[in-house]
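Trainee: Sharing a model that was predicted from the sequence below.
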Amino acid sequence: MPDLRFTEQALSEWMRSGGSHSEIVISTRVRIARNIQHHPFPLLATKNQADEILDVLAPVVDQNQETGYGTFHLLKLDELEELDKKVLVEKHLISPNLVNDSRSGAVLLNEDESVSIMINEEDHLRIQCLFPGFQVQEAWERATAIDDIFEETVDYAFDDRRGYLTSCPTNVGTGLRASVMMHLPALVMTQQISRILSAVNQVGLTARGIYGEGSEAAGNVFQISNQITLGQTEAEIIDNLHGVAVQIIEHESNARQRLLDDSALRITDRIMRSYGILSYAAVMELKEASQRLSDIRLGVDLGILKAPSISVLNELNVKTQPGFLQKMFGEKLSSAECDMYRAKLLRDTLGTTH
Amino acid sequence: MLCQECGVRPATLHFTKIVNGEKTEFHICENCAREKGELIPGTSGGFSIHSLLSGLLDLEGSSKGKSSPEAKPQEVRCEECGMTYRQFSKLGRFGCSSCYKFFDKGLDPLFKRVHGNTSHVGKIPKRIGAQIQFKRQIDELKEQLQQVIAQEEFERAAELRDQIRKLEKEIAQE
């Protein structure tokens, strides 16, 4: 029987507020990709070969209580209900890839959900650390420490010249992808965002929507991450991302200040309207919910609204996703019913009794 | 809204392209999108990082069409997992870590394009990488040695030489 604690609660450690610049940076994530020598990558592995990988990797931290990051729990994907898988994706604890393309896929999660170790995703091993706010260095230190624990018992596929060998050529070398999830409503409103995102691309970083490759930037949330994994040290990659993120934080702060200086009444009106609509609407589509929650977050950050707290907003962003609504209100919701329950959840949370 | 290409079918794909800050909006139907070969994020079977890589790797479409039969890189096969270079260039992903060895010849241009670099300079695994660590250290010391010899600092050169010998001995014992 799989442990379902991870899908019953919406709030993960990374959704609590905290870390520096949490008014702009929602969370920081670092993942490193690793593979075992002389075993086909998950793309080609047979069921037996994938099981073998799972048998080698899962016990490394499953039984190792000395990691310093709490007890790890193993969830095998083929033992989970579809809905629970969806919820784990919505909480960013596993990737959509692990759900769709994986044979004998599994995930090791620690109790506070700050570490997620995926097995048989695109690579044999993907160690992912999630932190609230802006904590790139901290997330990297934790990920590399867990990498060291695996390396004590597992022979990694590593090459003198190419570094850590990965399934996809875009990850070879360090296997490191570091990203910060940023809320940039003022840069979007003042139409500076495309200029900034194209500048980001020119320095070896990339920007995309919060559910990864190909997803839309819902609710003004952008994920900025490194693109290059070969020919730079991990320290350079981390420093580069950190430096660029600091610049974006500064631009966003300035843009917010200018909005307050030049159009305080309009911006206040927009935030209050969004608050009103989320507090009273009977039907709410996901796209509108994301946009209006973004307005409310901006309102709280600018001091225009006193409540709700940032961690409640982070939690709402997850809870308003379809998988979570189905988990809470019934497994077989049509999309119209989802919109109705989403509105109800938002009304209930934002403090009205209607 | 009708498709802006054919003007017949309803536009089902709406997207915005931003090139050098210039924004262009497209409203087209799926047929025209397919014909035009537009890369559209999020459409099924459409754009993905792997299809993009596959584009970079597609040797048949490359301008250097006069390759001799014995040097056809498409025919190269990884002896460990059996993946051919042709499959690799279609999938945009390796089958196993040995593919890196068998496809090595074609990889530098690809890595250059994707990463701007071809060699790893980052973390080395402690246990299996001990030899590589030593080798990197020795290379660095040898470089220093050349420098101090050029500056005629022979005492320092002797120190460096001893350090190099010591490391080389340790490698031999491993």
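Mentor: Thanks, I have the structure now. None of the values given here were measured: they were computed from a predicted structure.
Trainee: Could you use CA atoms for every contact and neighbour count after this?
Mentor: OK.
Trainee: Residue A:143 is in contact with residue A:128, correct?
Mentor: Yes - between residue A:128 and residue A:143 a contact is recorded at 6.6 Å, counting by Cα atoms under 8 Å.
Trainee: Could you tell me which residues touch both of the two?
Mentor: Common contacts of residue A:128 and residue A:143, defined by Cα atoms under 8 Å, 6 or more residues apart in numbering or on different chains, comprise A:30-32.
Trainee: Looking at those, which is nearest chain B?
Mentor: Minimum distance to chain B across those is 11.4 Å, recorded for residue A:32 (Cα to the nearest Cα).
Trainee: now for the one helix or strand the closest one maps to, which elements pack on it?
Mentor: Residue A:32 belongs to strand A:25-34 when assigned by DSSP states H and E. Strand A:25-34 sits against strand A:125-132, helix A:136-153, strand A:176-183, with contacts defined as 3 or more Cα pairs under 8 Å, 6 or more residues apart in numbering or on different chains; DSSP states H and E.
Trainee: if we can go back for a sec, more crowded one of residue A:128 and residue A:143?
Mentor: residue A:128 (28 against 24; other Cα atoms under 10 Å in any protein chain shown).
Trainee: residue ranges of the helices in the stretch 51-200 of chain A, please?
Mentor: A:82-90, A:96-100, A:136-153, A:185-189, A:193-202 (DSSP state H, counting those that start in this stretch).
Trainee: do you know which of these lies nearest chain B?
Mentor: helix A:193-202 (5.8 Å).
Trainee: Report how many residues lie close to residue B:7.
Mentor: Neighbours of residue B:7 (other Cα under 10 Å): 12.
Trainee: how much space is there between the residue of chain B positioned farthest from its centre and residue B:162?
Mentor: Going by Cα atoms, centre = their mean, the residue of chain B most distant from its centre is residue B:155, 43.8 Å out. Distance of residue B:155 to residue B:162, given as Cα to Cα, to the nearest Å: 11 Å.
Trainee: Please name the residues that touch the closest residue to residue A:256 other than its chain neighbours.
Mentor: Leaving aside its sequence neighbours, residue A:256 sits nearest to residue A:186 (Cα to Cα, 6 or more residues apart in numbering or on different chains; 5.4 Å). Residues near residue A:186 by Cα under 8 Å, 6+ apart: A:252, A:255-256, A:259.
Trainee: hmm, which two among these are most spread apart?
Mentor: A:252 and A:259 (10.4 Å; Cα to Cα).
Trainee: what about the two, which has more around it?
Mentor: Each of residue A:252 and residue A:259 has its neighbours counted (other Cα under 10 Å); residue A:252 has more, 23 against 18.
Trainee: domain parsing for the chain?
Mentor: All of this refers to chain A. Per the record, chain A has its domains at A:5-252, A:263-349, by automatic domain parsing.
Trainee: other chain: chain B
Mentor: B:1-44, B:49-63+B:73-115, B:129-173.
Trainee: show me what contacts the residue in the stretch 1-150 of chain A that chain B sits nearest to?
Mentor: Ranked by Cα to the nearest Cα, the top residue of the stretch 1-150 of chain A for proximity to chain B is residue A:40, at 4.5 Å. By Cα under 8 Å, 6+ apart, the contact list for residue A:40 reads A:49, B:81, B:95-97.
Trainee: Report whether it is found in a strand, as I expect.
Mentor: No - assigned with DSSP: H, G, I helix; E, B strand; the rest coil, residue A:40 falls outside any strand and is coil.
Trainee: Any residues of chain B in contact with chain A? List them.
Mentor: B:18, B:20-21, B:41-42, B:48, B:80-81, B:92-98, B:100, B:111, B:114-128, B:132 (Cα under 8 Å from any Cα of the partner chain).
Trainee: Repeat the analysis, applying 7 Å as the threshold.
Mentor: B:21, B:41-42, B:81, B:92-97, B:114-115, B:117-123, B:125, B:127-128, B:132 (Cα under 7 Å from any Cα of the partner chain).
Trainee: among those, which are in helices?
Mentor: Cross-referencing the residues of chain B next to chain A against helices under DSSP state H gives B:114-115, B:132.
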